[in-house]
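# Structural data only, the sequence is not supplied:
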């Protein structure tokens, strides 16, 4: 099956710093990548949809200037959490799809902001 | 977004079949029914999907009601590794193929 990786798997940072999370499709070219956030004991919440070479589409309530998404190639998308604060601590998960078919999810990145 | 309704939790014995129900009474003609599962601290894993006909793969079977207002994910022989949160999701191909996750069903498997 299609494999999606994320890096780093976990990160701890100080409040006010920025953190970049990478999402890669390892054995396929992903036309679309999605970014989700999951708080403890809650379900996944879609943050944004990213198409290669174009601006990401953010869900309502998600600040695009705080969560910067870059999708520079068909195998790589990055999410940068700018000026992170403790309330941004969460499990960030990306997924990738081929031509809008099923999504393949990455293993997630655990972000802890001190 | 069309919504789904699932039981909060279910319990099964190891080696027995499990039937996980999902109601989606507002499903539209272009909605695909997807099932994913998630183990703790991991990303969701694709299980199966279908549109109108029943589907089988190596992981599970998906039984879709004739009116498409409900579906059932069938695990033929539950193992301890099947303990996870199972999400039933409608994917609308007319709306960017977004997946909107609900609360899902926590499946516990007893040995």
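On my side now, so go ahead. Note that the structure is predicted; figures quoted are calculated from it, not measured.
# what's residue A:39 in contact with, if anything?
A:45, A:90-91 (C-beta atoms under 8 Å, 6 or more residues apart in numbering or on different chains). C-beta: built from backbone N, CA, C; applies to glycine.
# mind running it again at 10 Å?
Contacts for residue A:39 (C-beta atoms under 10 Å, 6 or more residues apart in numbering or on different chains) come out as A:45, A:87, A:89-91.
# How about residue A:68, nearest residue that isn't a chain neighbour?
In space, and not counting its chain neighbours, residue A:68 is closest to residue A:80: 4.2 Å by C-beta to C-beta, 6 or more residues apart in numbering or on different chains.
# before we move on, the earlier item: and the contacts of residue A:39, which of them are buried?
When the contacts of residue A:39 are checked for burial by 16 or more other C-beta atoms under 10 Å in any protein chain shown, the buried set is A:45, A:89-91.
# near chain B, which of those show up?
Filtering the buried ones among the contacts of residue A:39 for neighbours of chain B using C-beta under 10 Å from any C-beta of the partner chain leaves A:45, A:91.
# now residue B:17: how far from residue B:74?
Distance check for residue B:17 against residue B:74: by C-beta to C-beta, to the nearest Å, it reads 6 Å.
# what residues are shared contacts of these two?
Residues touching both residue B:17 and residue B:74 by C-beta under 10 Å, 6+ apart: residue B:61.
# quick one: which of these two has more around it?
Residue environment comparison for residue B:17 versus residue B:74 gives the larger neighbour count to residue B:74, 15 against 12, counting by other C-beta atoms under 10 Å in any protein chain shown.
# in chain A, which ranges drop under the pLDDT threshold?
The model of chain A has pLDDT under 70 over residues A:1, A:100.
# What residues does it have near chain B?
For chain A, the residues found near chain B under the criterion C-beta under 10 Å from any C-beta are A:1-2, A:4, A:6, A:9-10, A:31-32, A:34, A:36, A:38, A:41-46, A:49, A:51, A:57, A:59, A:91, A:93-95, A:97, A:99-110.
# Give me the PyMOL select line for those residues, limited to the buried ones.
In PyMOL, selecting the buried portion of those, with burial taken from 16+ other C-beta under 10 Å, looks like this:
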select buried, chain A and resi 2+4+6+31+32+34+36+38+43+44+45+46+49+91+93+94+95+97+102+103+104+105+106+108+109
